[in-house]
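Trainee: Dropping a prediction and its sequence here:
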Amino acid sequence: MTTDTNTRSWDGLTIPTAGTFELDQAHKRVGFVARHLMVSKVRGEFTEATATVTIGEDPLQSSVVATIQAASISTGQADRDNHLRTGDFLEADKYPTLEFRSTGVKSHSGNEFVLTGDLTIKDVTRQVELAVEFEGAGRSPYGFDVFGFSAATEIDREDFGLTWNVALESGGVMVGKKVKIEIEGEAIRQA
């Protein structure tokens with residue numbers, strides 16, 4: 001029996017030893033949900049995103065930096081996607097990326113963590129809190145050290161200057177202000 005020296009026990013969890021990990025492009029989803037016409041939800045994702053996670057010797061000192069390509073937005077409907085890329089929303093030509101940089105771990109309980117960080121959309125940066133669930137760590141059948149996670153937060157898009165909307169005759173607006181962000185992924189050890 002061999003001992004895996006790339007994981008360690010910490011607070012009842014098996015976590016990676018300290019190191020740098022990159023988001024696995026084949027095992028990620030950076031998704032969102034927004035209300036439409038006050039009666040339904042539209043789901044979408046950004047298909048192009050990268051992230052570097054640095055696991056610290058003290059796991060609570062770990063950090064993440066992520067970059068999302070604004071033009072990679074996809075809701076399954078080309079006209080809507082093209083509108084979301086315009087100045088009414090993301091203005092992808094002028095602001096090609098959305099950025100997230102963690103600032104700390106606010107709290108944790110078991111495998112659930114609250115990660116604080118700065119989210120920049122267009123030219124506006126606001127602090128957000130991500131509810132992160134650590135899904136586990138180990139070695140893939142291909143010999144890579146990996147860990148899995150999911151994360152979620154909710155933002156008010158108007159806080160980031162995304163204020164376009166249309167009033168509805170029946171009351172309310174075409175696009176809800178609140179946007180739920182949902183992230184799933186695996187990260188692979190680089191160093």
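Mentor: Cool, got the structure.
Trainee: hey, let's count contacts and neighbours off CA atoms from now on
Mentor: Will do.
Trainee: For this protein, which segments count as strands?
Mentor: 7-10, 13-16, 19-36, 40-46, 49-55, 63-69, 73-74, 97-109, 112-121, 124-139, 145-156, 175-189 (DSSP state E).
Trainee: Burial-wise, tell me which of those strands comes out on top.
Mentor: strand 73-74 (a mean of 22; mean count of other C-alpha atoms under 10 Å).
Trainee: what residues does it touch?
Mentor: Residues from elsewhere that reach strand 73-74 (C-alpha atoms under 8 Å, 6 or more residues apart in numbering): G44, E45, F46, T47, D81, L84, R85.
Trainee: Surely E133 touches L115?
Mentor: No - using C-alpha atoms under 8 Å as the test, E133 is too far from L115 to be in contact (10.2 Å).
Trainee: which of the residues in stretch 81-96 are buried?
Mentor: If you call a residue buried by 16 or more other C-alpha atoms under 10 Å, then stretch 81-96 has these buried ones: D81, L84, R85, F89, L90, E91, A92, Y95, P96.
Trainee: Just the CA atoms of that stretch, as CSV, please.
Mentor: Only the C-alpha atoms of stretch 81-96 are listed here, as CSV (Å, rounded to 0.1, in the frame of the first residue of the first chain):
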residue,chain,number,x,y,z
ASP,A,81,-26.2,36.2,-26.2
ASN,A,82,-25.3,38.9,-28.7
HIS,A,83,-27.4,41.4,-26.7
LEU,A,84,-25.7,40.4,-23.4
ARG,A,85,-22.3,41.2,-25.1
THR,A,86,-23.4,44.7,-26.0
GLY,A,87,-23.1,47.9,-24.0
ASP,A,88,-26.5,47.3,-22.5
PHE,A,89,-24.9,44.6,-20.4
LEU,A,90,-21.3,43.3,-20.4
GLU,A,91,-19.8,45.5,-23.2
ALA,A,92,-17.5,42.7,-24.0
ASP,A,93,-15.6,44.6,-26.7
LYS,A,94,-14.5,47.2,-24.2
TYR,A,95,-14.3,45.0,-21.1
PRO,A,96,-13.3,41.5,-22.4
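Trainee: sorry, back to before: how about the strands of the chain, which one is nearest W164?
Mentor: strand 175-189 (8.3 Å; C-alpha to C-alpha).
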